[in-house]
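For reference, the sequence and a predicted model appear below.
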Amino acid sequence: MRGTVDGFTYGAVTPVAAYLMAVLGGALGLRCTTRSLRTEQSWKPGWLALGATSIGSGIWTMHFIAMIGFQVKEAPVSYDVPTTVLSLVVAIVMVGVGIFIVGYRGATRATLTTAGTITGLGVAAMHYIGMAGMRLHGRFDYEATTVVLSVVIAVVAATAALWAAVSIHGFLPSLGAGLVMGVAVTGMHYTGMAAIGVHLQGATGGSAGGGSPASIMFPMLLGPVVFLVLAGVVVMFDPLLVLGEGEWDQPTGRKPVRNDTTSRPVWPPVYDEAPGARAPEPTPPPAPARGPHRGNGPRDPYDW
């Protein structure tokens, strides 16, 4: 017996909320990755790790918010907690591998292709591992063509996101890239959901084992959502964003020279104020020439 699948139990509420979480995670992750590449003063591994966790958490949160609206009308659905947590870990780790490759190897075509493929496969693996954590009196089967299409969308979206992370500068452009990334990731999710078919087995209407959707989803979603909010606070108070590039990117080795002594004479001369440095003693003016013609031009050696 085939079950009736409904992915929009709450109408547009769950797709819109899922999209917003994907945008938040994507924009924060892109901003953190960009921040790690733009100045030597940043702690690069920390920013890259924060970016990977933001994108992975945003994608995972998007997936399970969308799954709140999923139901099989003839059978209750529940979730296995270890498998659900594993899908979050896979998302963060695989996105992290791609971000660290781009962060340390640059944005060459080969690097973007490799990192985008790894990250996209990780996003797709998160989706299907999360689906494997669902429990009901039946089994899922998938249409192969639609599954392949969802994986291709994930790889293309991940490659475009990594390119944006190293190519787009500024908060508003990163936000725009996050909006596009949210569309791609959410589209990948619903494409994968379109591949699902349910075959019911045995009695319907009883408990499927595991936890109920509400009892598992909301506590598990609370952690990633709180993390994304805290990551947003960190990014918003980043000095590079607050002060701008001109102030934050000043080299810190030496203080700038206060006057340009090469363009005009300055007396007394001004020198770089390096720690422990002493200005050279000024050269005294030359002594006046002796003889009856002193002060009237060069001295005649026979004039005395």
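Everything's here; your move.

Okay, buried residues for stretch 172-185 please.
The neighbour-count criterion (16 or more other C-beta atoms under 10 Å) identifies 174-175, 177-178, 181-182, 184-185 as the buried residues of stretch 172-185. No exception for glycine: its C-beta is placed from N, CA and C like everyone else's.

now, which of these lie within strands?
When DSSP state E is applied, the buried residues of stretch 172-185 are split such that none fall in strands.

Those residues into CSV, with extra columns for pLDDT?
Conversion of the buried residues of stretch 172-185 to CSV gives the following (pLDDT from 0 to 100):
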residue, pLDDT
174, 72
175, 76
177, 80
178, 82
181, 84
182, 87
184, 87
185, 89
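
for those, which one is nearest residue 152?
When the buried residues of stretch 172-185 are compared for distance to residue 152 (C-beta to C-beta), residue 184 comes out closest, at 11.1 Å.

quick revisit: now the buried residues of stretch 172-185 in a markdown table, with distance to residue 72?
Listed next are the buried residues of stretch 172-185 as a markdown table, based on distance: C-beta to C-beta, whole Å:
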| residue | distance to residue 72 |
| --- | --- |
| 174 | 39 |
| 175 | 37 |
| 177 | 36 |
| 178 | 33 |
| 181 | 30 |
| 182 | 27 |
| 184 | 27 |
| 185 | 24 |
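
And whatever helix or strand residue 57 lives in, what's buried?
When secondary structure is defined by DSSP states H and E, residue 57 falls within helix 44-68. In terms of neighbour count (16+ other C-beta under 10 Å), helix 44-68 has its buried residues at 47-68.

any idea which of the buried residues of stretch 172-185 is the one closest to residue 122?
Nearest to residue 122 among the buried residues of stretch 172-185, counting by C-beta to C-beta, is residue 185 at 12.0 Å.

my guess is the closest one meets residue 26, correct?
Yes - distance between residue 185 and residue 26: 7.1 Å, which falls inside the contact criterion (C-beta atoms under 8 Å).

and for the two, which residues touch both?
Common contact partners of residue 185 and residue 26 (C-beta atoms under 8 Å, 6 or more residues apart in numbering): residue 59.

Quick one: the strands in this structure, in order.
For the chain, the strands identified by DSSP E occupy 5-6, 71-72, 78-79, 134-135, 138-142, 196-200, in order along the chain.

For residue 48, see how far away the closest residue to residue 128 other than its chain neighbours is.
Nearest-residue entry for residue 128: residue 192, 7.2 Å, with adjacent residues in sequence omitted and distances by C-beta to C-beta, 6 or more residues apart in numbering. Distance check for residue 192 against residue 48: by C-beta to C-beta, to the nearest Å, it reads 28 Å.

What of residue 151?
Note on residue 151: its distance to residue 48, by C-beta to C-beta, is 25 Å.

give me every residue that touches the nearest residue to residue 232 once chain neighbours are set aside.
Leaving aside its chain neighbours, residue 232 sits nearest to residue 28 (5.9 Å; criterion: C-beta to C-beta, 6+ apart). Contact partners of residue 28, counting by C-beta under 8 Å, 6+ apart, are 51, 54-55, 58, 178, 228, 231-232, 235.

Which one of the residues you listed is nearest to residue 8?
Once C-beta to C-beta is applied, the member of the contacts of residue 28 that ends up nearest residue 8 is residue 58, at 21.1 Å.

Distance check, the residue nearest to that closest one when sequence neighbours are not counted against residue 45.
The shortest distance from residue 58 to any non-neighbouring residue, by C-beta to C-beta, 6+ apart, is to residue 25 (1.2 Å). Relative to residue 45, residue 25 is positioned 20 Å away (criterion: C-beta to C-beta).
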